[in-house]
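Participant: Here is the input, now give the coordinates:
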Amino acid sequence: MLFRSILLSSFIGVLFASCGAENKSEDKTMPQSPEAKKQAFEITTHGDTRVDDYYWMKLSDEQKEAETPDAQTQDVLDYLNSENSYREEVMGHLKPFQDSLFNEIVGRIKQTDESVPTKVNGYWYYNRYEEGLEYPFYCRKEGSLENKEEVMLDGPAMAEGHSYFAIGGNSVSPNNAMTAYGVDVVSRRVYTIYFKDLNTGEMLPDVIEGTTGGATWAEDNQTLFYSKMDPVTLRSFQIWKHKLGTAQAKDVLVYQEDDETFNCFVYKTKSKKYIVVGSNQTMSSEYRVVDAMNPDGEFKIIQARERGLEYGIDHFQDHFYIVTNYEAKNFRLMKTPLDKTSKENWKEVIAHRDDVLLEGIDIFKDYLVVEERKEGLSQIRIKPWKGEEYYMEFQDPSYMAYTSGNPEFDTEILRYGYTSLTTPNSTYDFNMKTQEKTLLKQQEVIGNFSPDDYVSERLYATATDGTKVPISLVYKKGTKRDSKNPLLLYGYGSYGATMDAYFSSVRLSLLDRGFVYAIAHIRGGQEMGRSWYEDGKLLNKKNTFTDFIDCGEFLIKEKLTSKEHLYAMGGSAGGLLMGAIVNMRPDLWNGIVAGVPFVDVVTTMLDESIPLTTGEFDEWGNPKDSIYYHYILSYSPYDQVKAQDYPNMLITTGYWDSQVQYWEPAKWVAKLRAMKTDKNLLLMYCNMETGHGGASGRFERLRETAMEYAFLLELEGIKK
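Facilitator: Model (predicted):
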């Protein structure tokens, strides 16, 4: 391979505010931006050669974890640190404002707080926070909430000495005597499982490394199943069986997923009758079960995998209940006898509907609860096994409703959550017989907050091809339709993930300063049904980007904002969205915030050693196929950077990110610096201690949010 080194020099003298925002900060000369060296690296695919000048920024895990960095690692660290230093210097005058925003955001949070207790197997389980502490206590009480509290896991103490700390899974044995929990102190989402005797408080010698964090107990209280990750690709590819009191080396492999496009997982049915091993990818799934009372038995396949056949299973009495897309694009509900589980035996319980997406079910002794989505909004359907069915009623124009914490089988009470752009997250108990609901808890917002001070709307933009795209928005009451309004448009649009309208006390710091906040429910999500997802993936992916652009232009036409005051934000695959829209329509936005952005799409999808790659061929396409290669290349943000003006941009990443590796945004920033023709801001923040989700503490992660808000507000000339 040929390398050549070219020194890139650039000097930017600019205003912080630009692109016509009316209230600009004072003129001043900016510090010199970082100079990323170029080393030409040629990548030839299907006869097409791309030259990547910043490929050298990619490090292996071994290089990152080495005690003494090699020359390449040091170059990468120097560059990332120089970007951080540059951002700090450019935004240095905003530090007091940023700190004020952070304190304001944290000040709305009730610091001494606890979750609504959930009853499981005779115990009430909950998490609670104490004032000033970043991590929760994991607690329970036996029998009654009036009884003595038992702290199972002391999060604050366990997190001491770690710059990052996360507990993944806290699984109590059927006899309530033991708990198994996973710990990640690197932020790679690779967990080590530990065991604690809840009667004595002693830790067991059993330690299981390299897992996804969760553990599933068999009913014998001695056997657990867990999923293990490939150390390189971080694909969950094996299910192991562990017996208490034995070393991990003696664990038994019960299932291995050899297809690199699949991931596997394990759980127990709500009936507690079966251990279930699932394996799925974007277009296919497969499940196998074993009696939870006989964990050493042989797993039985429910229905062998078929390309395009997706299904999920649960158990009730003498049937498995199956949510599936079998001859049903928007999914339907089937059931099948326990001893005849292949699809030719499936009988329909709820039929397919063209205008309703069946999202999931929850089974109770006397009720079937169905989660559906119609016209982009979630619905909860109560279907007694005997009697009349009905739908629960919700009032807001745009909202999020979901079933939550229902481990008990023999009950008439459904626990559900509800939130909207103006309604703080609320937890209810709903009596499915009487249809009476009881508010158990609503997120408390400290200060003078009132939902009546804010207005939410649901609008529809018309996309380029005539498709109606929903937009949910919220603003402070009294805000008028005015082209001078600053407006932040958020989007994601991938993996069929639905971006429901939810409340955020953090967001109030923008709304109270005059911002309108909007969510574009663009194709690639699943808001409007399965077709909405399929029309925004693979060779239809560009619909996601044009939908978002069309939403921005619609909001301008509605006089809710203007190009000079329109901002966009997205993270991960939403960061890809940000990268695409600034290449396609850089003139439409005054500022962009791209979090952990997936922007080097072609190169990443060609590298099967990178985590997540093989499992996402059905989302983006496999560029080893020339059709997909050229289509992905045509929108890949890193590859499509060109010599043109770009808006003000703030890009964030994490050095230990396992989902979108740090080098993607780092390379993107370097290339943008070399090619863009404007004098607008280009800033990068790389958290050197965390990964995809940012900081792990409940407050610390908000410092990054305060930085992003300070960036946006300064562009609007809002200084307090």
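Participant: For residue 106, which three-state class applies?
Facilitator: Classification of residue 106 using DSSP: H, G, I helix; E, B strand; the rest coil returns helix.
Participant: ditto for the one 5 residues further on
Facilitator: With three-state DSSP as the basis, the three-state label of residue 111 is coil.
Participant: which ones are touching it?
Facilitator: Neighbouring residues of residue 111 by Cβ atoms under 8 Å, 6 or more residues apart in numbering: 129-132. Where C-beta positions appear, they are placed from N, C-alpha and C, glycine not excepted.
Participant: State the pair within those residues that is farthest apart.
Facilitator: Greatest spacing in the contacts of residue 111, by Cβ to Cβ: 129 and 132 (9.2 Å).
Participant: By neighbours, which of the contacts of residue 111 wins?
Facilitator: Greatest neighbour count in these, by other Cβ atoms under 10 Å, goes to residue 129: 20 neighbours.
Participant: which residues sit against stretch 525-538?
Facilitator: 325, 329-331, 354-357, 373, 375-376, 467, 470, 492-494, 496-499, 521-524, 540, 543-544, 547, 618-621, 628.
Participant: What's the separation between residue 325 and residue 534?
Facilitator: Plainly put, residue 325 is 11 Å away from residue 534 if you go by Cβ to Cβ, to the nearest Å.
Participant: Between the two, which has more neighbouring residues?
Facilitator: Applying other Cβ under 10 Å to residue 325 and residue 534 shows that residue 325 carries more neighbours, namely 18 against 15.
Participant: For that one, give its distance to residue 334.
Facilitator: From residue 325 to residue 334 the distance is 11 Å (Cβ to Cβ).
Participant: which SS state does the nearest residue to residue 136 once chain neighbours are set aside fall under?
Facilitator: Leaving aside its chain neighbours, residue 136 sits nearest to residue 127 (4.2 Å; criterion: Cβ to Cβ, 6 or more residues apart in numbering). Secondary structure, three-state DSSP: residue 127 is strand.
Participant: partner residues bridging residue 127?
Facilitator: Following DSSP bridges, residue 127 is listed with bridge partners residue 138.
Participant: Now do the contacts for it.
Facilitator: Contacts of residue 127 (Cβ under 8 Å, 6+ apart): 114-115, 136-139.
Participant: Please enumerate the helices of the stretch 601-720 of the chain.
Facilitator: 601-606, 617-620, 626-633, 663-675, 702-715 (DSSP state H, counting those that start in this stretch).
Participant: For the protein, give me the ranges with low pLDDT.
Facilitator: For the chain, applying pLDDT under 70 flags the ranges 1-29, 691-697.
Participant: again, 80 this time
Facilitator: Along the chain, segments meeting pLDDT under 80 span 1-30, 187-188, 611-612, 658-659, 690-698.
Participant: Packing partners of the host helix or strand of residue 42?
Facilitator: Take DSSP states H and E as the rule and residue 42 turns out to sit in strand 41-45. With contacts taken as 3 or more Cβ pairs under 8 Å, 6 or more residues apart in numbering; DSSP states H and E, strand 41-45 sits against strand 48-52, helix 601-606.
Participant: counting contacts, what elements does the first one pack onto?
Facilitator: Under the contact criterion of 3+ Cβ pairs under 8 Å, 6+ apart, strand 48-52 touches strand 41-45, helix 601-606, helix 626-633.
Participant: Now do the contacts for residue 341.
Facilitator: 300-303, 320 are the contacts of residue 341 under Cβ under 8 Å, 6+ apart.
Participant: Could you do residue 231 as well?
Facilitator: Residue 231 is in contact with 190, 210, counting by Cβ under 8 Å, 6+ apart.
Participant: And it, how far from residue 658?
Facilitator: Counting by Cβ to Cβ, the gap from residue 231 to residue 658 is 11 Å.
Participant: got the helices and strands packed on strand 48-52 as a markdown table, with mean neighbour count columns?
Facilitator: Putting the helices and strands packed on strand 48-52 into a markdown table (neighbours: other Cβ atoms under 10 Å) gives the following:
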| stretch | mean neighbour count |
| --- | --- |
| strand 41-45 | 14 |
| helix 601-606 | 23 |
| helix 626-633 | 17 |
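Participant: Apart from its neighbours in sequence, what residue is nearest residue 455?
Facilitator: residue 477 (5.3 Å).
Participant: correct me, but the one you found touches residue 452?
Facilitator: Yes - the pair residue 477 / residue 452 is scored as a contact, 7.4 Å apart, by Cβ atoms under 8 Å.
Participant: When those two are compared, which one has more neighbours?
Facilitator: For residue 477 versus residue 452, neighbours defined as other Cβ under 10 Å are more numerous around residue 477 (11 against 8).
Participant: follow-up on the earlier one: just the ones of the contacts of stretch 525-538 in strands?
Facilitator: Using DSSP state E, 356-357, 373, 470 are the members of those that sit in strands.
Participant: What ranges does the stretch 551-700 of the chain have for its strands?
Facilitator: 566-571, 591-595, 648-654, 682-687 (DSSP state E, counting those that start in this stretch).
Participant: Pipe these into CSV and attach mean neighbour count and distance to residue 180 per row.
Facilitator: Below are the strands of the stretch 551-700 of the chain laid out as CSV (neighbours: other Cβ atoms under 10 Å; distance: least, Cβ to Cβ, whole Å):
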stretch, mean neighbour count, distance to residue 180
strand 566-571, 25, 31
strand 591-595, 26, 32
strand 648-654, 25, 27
strand 682-687, 24, 30
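Participant: Redo those strands as a markdown table? Include distance to residue 585.
Facilitator: Converted to a markdown table, the strands of the stretch 551-700 of the chain look like this (distance: least, Cβ to Cβ, whole Å):
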| stretch | distance to residue 585 |
| --- | --- |
| strand 566-571 | 10 |
| strand 591-595 | 11 |
| strand 648-654 | 14 |
| strand 682-687 | 17 |
